[in-house]
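Novice: With the input below, show me the fold.
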Amino acid sequence: VVEAIDTVLGRTVALKEALVDDDETLRRFARETRITAKLEHPSIVPVYDAGTAPDGTRFYVMRKVSGQPLDKLVDAAVTMDARLGLVPNVLAAAQAIAHAHQRSILHRDVKPPNILVGELGETIVIDWGLAKELGEPDPEDPHARTASQSLMTRYGAIVGTPGFMPPEQVKGEPVDERGDVFALGATLYYVLSGKPPFRGPTGDDVLRDTLERPAQPLHEVAPGVPPELATITDKALAVAAEDRYLDAGALAQDLQRFLAGQLVASHDYTALERVVLGAARPPPARA
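Specialist: Modelled structure (predicted):
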């Protein structure tokens, strides 16, 4: 991806080129271009143009985005209050992924480095290179059969990033919207605790950790996290897909309720808490 100038309109843009010539990578690039162009949301970079250069290089043109990746902002947030201040950015990312889910598109590589926070506070979900439409075939890449390096994207039977992938994705099984929900939950876990829910010295160790145990409950690794926010995170990170939110939209609704001071749908309140909180907060919107 390079910075370029739109000579017709006189604006700075980002130009993404496919600097390869093998059929599989070009097919993936074409899919990324097509999928990204379908998504029109404030937190998704719009595609302006696409084509083939005179030398045969495939490309597409998008709005240039300036900002910092979410993981860098987490590194700078040394207090719980500072980290809680980043939750609205996770909500915005969840809403962008929800927009994709409404169009039967999965991102499959949601993680803090793929969420940018712009100079005006806007949130942008980037890198749709692993995205696919539900039901679309995804043949294995024969060039990616080796073990994954730590926190690096791996193509083939396993696609995604160790530490943020759900167990079914680690196993190379088909994933649906709940796979992105897991990745959003892992991102929220990272924002609030400063570490991914699954860790290890190598990528393979991280993958094994994902398969061998559930994530340690957030309240144990992030003292002071609000209980309702911990519940949202833990539900999104459930080992079994059926125990997670159905899609990113449902997760975003619960996050929005938390930020608005409403009762969170996934949290198990005591009767006393419901009385006290119900008197102080408006009732949650119906799902």
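
Novice: alpha carbons only for contacts and neighbour counts from here, please
Specialist: Noted.

Novice: Look up how far Glu24 lies from the spatially most central residue of the chain.
Specialist: Nearest to the geometric centre of the chain sits Val110, at 2.4 Å (Cα atoms, centre = their mean). With the distance defined as Cα to Cα, to the nearest Å, Val110 ends up 22 Å from Glu24.

Novice: can you check Leu246 too?
Specialist: 31 Å.

Novice: What segments of the stretch 101-250 of the chain are helices?
Specialist: Assigned by DSSP state H, counting those that start in this stretch, the helices in the stretch 101-250 of the chain fall at 167-170, 177-193, 203-212, 218-221, 227-236, 248-259.

Novice: hey, which of those helices is tucked in deepest?
Specialist: Ranked by mean neighbour count, the helices of the stretch 101-250 of the chain are led by helix 177-193 with a mean of 28 (mean count of other Cα atoms under 10 Å).

Novice: so who does the residue nearest to the centre of the chain touch?
Specialist: Residues near Val110 by Cα atoms under 8 Å, 6 or more residues apart in numbering: 164, 180, 183-184, 187.

Novice: And the furthest pair within the residues you listed?
Specialist: The two members of these with the most space between them (Cα to Cα) are Asp180 and Thr187, at 10.3 Å.

Novice: pull the CA atoms of stretch 66-80 into PDB?
Specialist: Taking Å, rounded to 0.1, in the frame of the first residue of the first chain, the C-alpha atoms of stretch 66-80 are listed here in PDB:
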ATOM      1  CA  SER A  66      -4.200   8.500   9.100                       C
ATOM      2  CA  GLY A  67      -4.200   7.300  12.600                       C
ATOM      3  CA  GLN A  68      -2.800   4.900  15.200                       C
ATOM      4  CA  PRO A  69      -3.500   1.200  15.500                       C
ATOM      5  CA  LEU A  70      -5.500   0.300  18.600                       C
ATOM      6  CA  ASP A  71      -2.700  -1.800  20.000                       C
ATOM      7  CA  LYS A  72      -0.400   1.200  20.200                       C
ATOM      8  CA  LEU A  73      -3.100   3.200  22.000                       C
ATOM      9  CA  VAL A  74      -3.500   0.300  24.500                       C
ATOM     10  CA  ASP A  75       0.200   0.300  25.100                       C
ATOM     11  CA  ALA A  76       0.000   4.000  26.100                       C
ATOM     12  CA  ALA A  77      -3.100   3.500  28.300                       C
ATOM     13  CA  VAL A  78      -1.600   2.600  31.700                       C
ATOM     14  CA  THR A  79      -4.700   2.900  33.800                       C
ATOM     15  CA  MET A  80      -8.100   1.200  33.700                       C
END
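
Novice: Mind listing what's buried along that stretch?
Specialist: Across stretch 66-80, burial judged by 16 or more other Cα atoms under 10 Å covers 68-71, 73-74, 77, 80.

Novice: can you check stretch 44-64 too?
Specialist: Within stretch 44-64, the residues that count as buried by 16+ other Cα under 10 Å are 44-47, 50, 58-64.

Novice: and that stretch, how far from the chain's centre?
Specialist: The chain centroid and the centroid of stretch 44-64 are separated by 23 Å, computed with Cα atoms, centre = their mean, to the nearest Å.

Novice: same check, this time on stretch 73-84
Specialist: Taking Cα atoms, centre = their mean, the mean C-alpha location of stretch 73-84 is offset from the chain mean by 19 Å.

Novice: repeat for stretch 203-222
Specialist: For stretch 203-222, the distance to the chain centre is 18 Å (Cα atoms, centre = their mean).

Novice: Can you give me the end-to-end span of it?
Specialist: 24 Å.

Novice: Check what pLDDT the residue nearest to the centre of the chain gets.
Specialist: pLDDT for Val110: 97.

Novice: Where does pLDDT dip in the stretch 51-200 of the chain?
Specialist: Applying pLDDT under 70 to the stretch 51-200 of the chain flags residues 138-159.

Novice: Quick one: the strands in it, in order.
Specialist: Assigned by DSSP state E, counting those that start in this stretch, the stretch 51-200 of the chain shows strands spanning 58-63, 67-69, 105-106, 115-118, 123-125, 132-133.

Novice: what helices or strands is the longest one leaning on?
Specialist: Counting contacts by 3 or more Cα pairs under 8 Å, 6 or more residues apart in numbering; DSSP states H and E, strand 58-63 is packed against strand 11-18, strand 47-52.
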